[in-house]
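Student: sequence? don't have it. structure:
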């Protein structure tokens, strides 16, 4: 999936990444979308978060925040497979981002995990 994302968008252009994040959030994370598409969307957001350098600039930091918030919303989903995928994805995001960056969102992540 990471290779697919790299081939489809230029990771040096913040506008392309923002457009991809917005498309995934709006078209694939809606509860009316089929389960396998929503799970794939969560995984795509995870791969994007792992590819973006949060220390690059403020725009990158904002994109990571959008991705984390989108995955956190999936913790409240009624479908247990979506919640499981969101938990795994959050773990991957936390593992791949710098620790000081994750600490900015620790409260939100912790509260999201408590709802699971």
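Tutor: Perfect, I can see it now. The shown structure was predicted, so the numbers you read here are calculated from the model rather than taken from an experiment.

Student: can you give me the neighbour number for the closest residue in space to residue 90 that isn't next to it in sequence?
Tutor: Spatial nearest neighbour of residue 90, excluding adjacent residues (Cβ to Cβ, 6 or more residues apart in numbering): residue 71 at 5.4 Å. To be clear about C-beta, it is placed using only N, CA and C from the backbone, and glycine gets the same treatment. Per other Cβ atoms under 10 Å, the neighbour tally for residue 71 reads 24.

Student: swap in residue 14?
Tutor: Neighbours of residue 14 (other Cβ under 10 Å): 17.

Student: from residue 53, how far off is it?
Tutor: Applying Cβ to Cβ, to the nearest Å, the value for residue 14 to residue 53 is 11 Å.

Student: one step back: the residue nearest to residue 90 and residue 89 touch, don't they?
Tutor: Yes: with contact defined as Cβ atoms under 8 Å, residue 71 counts as touching residue 89 (5.3 Å).

Student: common neighbours of residue 14 and residue 53, please.
Tutor: Here residue 14 and residue 53 have residue 60 as joint contacts, going by Cβ atoms under 8 Å, 6 or more residues apart in numbering.
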